[in-house]
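J.: coords please:
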Amino acid sequence: MLAILSMKTIKKVSIHGGHSKEFCLHAKDLLEDIIKKYIQKGYYWVGITEHAPPLNDAFRYPDEKAANISADQLNDQFNNYILKLNKLKKIYAEKIKIYIGFETEAYEGYIDYTKKLIKIHRPDYIVGSIHHINNICFDFSKTLYKKAIKSCGDIDSMYGKYFDKQYELIRELKPSVLGHFDLIRIFDPEYKKRIKQKFIFSKIIKNLKECRDNDIILDFNTRALKKNAPEPYISGIILEQAKEIGVKVVPGDDSHGINDIDTDINTGIKILFDQGFNTNWDRPRIYH
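T.: Presented below is the predicted three-dimensional model:
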């Protein structure tokens, strides 16, 4: 009974959310409607973290390529996102605290490009995310996932490359938040066994320690549940290590429309509560 009562006092937040169809082709709904939904559901604060625009046409998402939207157009769209979100942040300031962010990529040339975007747009923070292996967008489809595996030689090597790239991202960009830590497992039904392999697990531990030492929060990404994954990103075995090492973890819904908001966040909160994480949620480290 005491646990239930304590759960009721925990405030709902999302450190990684708010993708909208205005600024993301594979999302739904208007950005303002998404913010209104967060308010309606009683969120205390939310980080809106739209995808960074691509460096060039080669790094567009598959749906953007299919729609023949150029990188220049996507950069203009991103600029409009920052402008609109700054306005909405002020309009709804008395109802919800909004943090302006964006989600990185990790393809060739991403480090200097991301630093340039930060300098130009001055977000409150960034979410460091990896969606590419060998410049292949591995999480967009099973077909691309298999293509990424082939480019690495085998799936174990792909895991190794993923966590090496993640370490590089942490060291070079020092994001306030690290997004969906183990996204690499997305189409791997054997991931629970795979991440326990010594050479993979040692990389995971190294990355967790680097997050702790750089005051980086892990996004406890509940969107995985909406997509029928057995558990959120971060998986249980890694979450246990994060707790032991002393890494901060905060829930994120990674919402791509109003129907994503609040669907699984309470499940994520309960997992973190039961694991003994701080539920007086740490806020992202602000860049300016």
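
J.: Torsion angles phi and psi at residue 249?
T.: Backbone torsions of residue 249, given as degrees, to the nearest 10, read phi -130, psi 130.

J.: Check whether it really touches residue 279, as I assumed.
T.: No. Contact criterion C-beta atoms under 8 Å: residue 249 and residue 279 do not qualify, at 10.0 Å. Just so you know, the C-beta spots here come from the backbone N, C-alpha and C atoms, and that holds for glycine as well.

J.: So between those two, which is more surrounded?
T.: The neighbour comparison of residue 249 against residue 279 (other C-beta atoms under 10 Å) goes to residue 249, with 26 against 18.

J.: quick one: the closest residue to that one other than its chain neighbours and residue 167, what's the gap?
T.: Nearest residue to residue 249, sequence neighbours excluded (C-beta to C-beta, 6 or more residues apart in numbering): residue 218, at 4.6 Å. Remark: distance between residue 218 and residue 167 (C-beta to C-beta, to the nearest Å) = 14 Å.

J.: which helix of this protein spans the most residues?
T.: helix 71-91 (DSSP state H).

J.: C-alpha coordinates for that one, CSV please?
T.: Extracted in CSV, the C-alpha atoms of helix 71-91 (Å, rounded to 0.1, in the frame of the first residue of the first chain):
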residue,chain,number,x,y,z
ALA,A,71,18.2,18.0,-47.1
ASP,A,72,17.9,21.8,-47.6
GLN,A,73,14.2,21.6,-47.2
LEU,A,74,14.6,19.5,-44.0
ASN,A,75,17.0,22.1,-42.7
ASP,A,76,14.5,24.9,-43.3
GLN,A,77,11.9,22.7,-41.6
PHE,A,78,14.1,22.3,-38.6
ASN,A,79,14.6,26.0,-38.3
ASN,A,80,10.8,26.4,-38.3
TYR,A,81,10.6,23.8,-35.6
ILE,A,82,13.0,25.7,-33.3
LEU,A,83,11.1,29.0,-34.0
LYS,A,84,7.7,27.5,-33.4
LEU,A,85,8.7,25.6,-30.3
ASN,A,86,10.2,28.8,-28.8
LYS,A,87,6.8,30.5,-29.3
LEU,A,88,4.9,27.5,-27.8
LYS,A,89,7.2,27.4,-24.8
LYS,A,90,6.2,30.9,-24.0
ILE,A,91,2.5,30.5,-24.7
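
J.: what's the next secondary structure element after that helix?
T.: strand 97-103 (DSSP states H and E).

J.: The very next helix or strand once past that next one - contacts with which helices or strands?
T.: The helix or strand immediately downstream of strand 97-103 is helix 110-121, counting by DSSP H and E. Here helix 110-121 touches helix 71-91, helix 155-173, going by 3 or more C-beta pairs under 8 Å, 6 or more residues apart in numbering; DSSP states H and E.

J.: Centre of the chain to the following helix or strand past helix 110-121, how far?
T.: Using DSSP H and E, the helix or strand that follows helix 110-121 in sequence is strand 125-128. Here the centre of strand 125-128 is set off from its chain's centre by 8 Å, with C-alpha atoms, centre = their mean, to the nearest Å.

J.: which secondary structure elements does strand 125-128 contact?
T.: strand 43-51, strand 97-103, helix 155-173, strand 177-178.
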